[in-house]
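with the sequence up front, the predicted model follows.
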Amino acid sequence: MTGPEHYLEAERLLCDATDNDGDITATSERITATLTAAQVHATLALAAATAGQLADRYVGDGDHINAWRTAANGDAK
C-alpha cells in the first residue's frame, strides 16, 4: 500500500467504528481491533509521507535512500 492508501484505509476503519457523530457503534472487542488497525494504517501513512520527504530531499542515490523511495512508493513486499 502507498501512504495515501494507508491514510484512506485509516479513515475507512474509523468510519466503520463510529457513527456520524463520532460515537462508538459496536462491541468493545470489535472497536479495539478496528481502532488498532486504523492507528497502524495512520502510522504507516505518516511514515510514508516522512520517507517521501526524506527521499525527495536527497538528490544522490544510496541503498538507504533508495530503500525509502521504494517503500514510499508502495513497492516494498
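Here it is on my side, so go on. Numbers count the residues shown, from 1 in each chain.

okay, now the unreliable bits of the protein?
20, 22-27, 54-62, 64-65, 68-69, 72-77 (pLDDT under 70).

quick one: the helices in it?
Here the chain has its helices, by DSSP state H, at 3-17, 28-57, 63-72.

name the residues of stretch 42-53 that are buried.
Neighbour-count burial for stretch 42-53, with 16 or more other CB atoms under 10 Å as criterion, is recorded at 42, 44-45, 48, 51-52. Using the backbone N, CA and C atoms, a C-beta is placed for each residue, glycine as well.

one more: stretch 7-26?
Applying 16+ other CB under 10 Å to stretch 7-26 flags 7, 9-10, 13-14, 17-18 as buried.

my read: residue 10 touches residue 45, true?
Yes: Residue 10 lies in contact with residue 45 (CB atoms under 8 Å); the separation is 6.3 Å.

still on that earlier bit, now the buried residues of stretch 42-53 as a markdown table including distance to residue 30?
Putting the buried residues of stretch 42-53 into a markdown table (distance: CB to CB, whole Å) gives the following:
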| residue | distance to residue 30 |
| --- | --- |
| 42 | 18 |
| 44 | 21 |
| 45 | 22 |
| 48 | 27 |
| 51 | 32 |
| 52 | 33 |
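
between those residues, which is closest to residue 67?
Nearest to residue 67 out of the buried residues of stretch 42-53 is residue 51 (CB to CB; 9.1 Å).

tell me how far residue 18 lies from residue 35.
9 Å (CB to CB, to the nearest Å).

er, residue 44 I mean
15 Å.

now do residue 63: how many residues are near it, please.
Residues near residue 63, counting by other CB atoms under 10 Å, number 7.

just to revisit the earlier point, farthest-separated two in the buried residues of stretch 7-26?
Largest separation among the buried residues of stretch 7-26 by CB to CB: 7 and 18, giving 17.0 Å.
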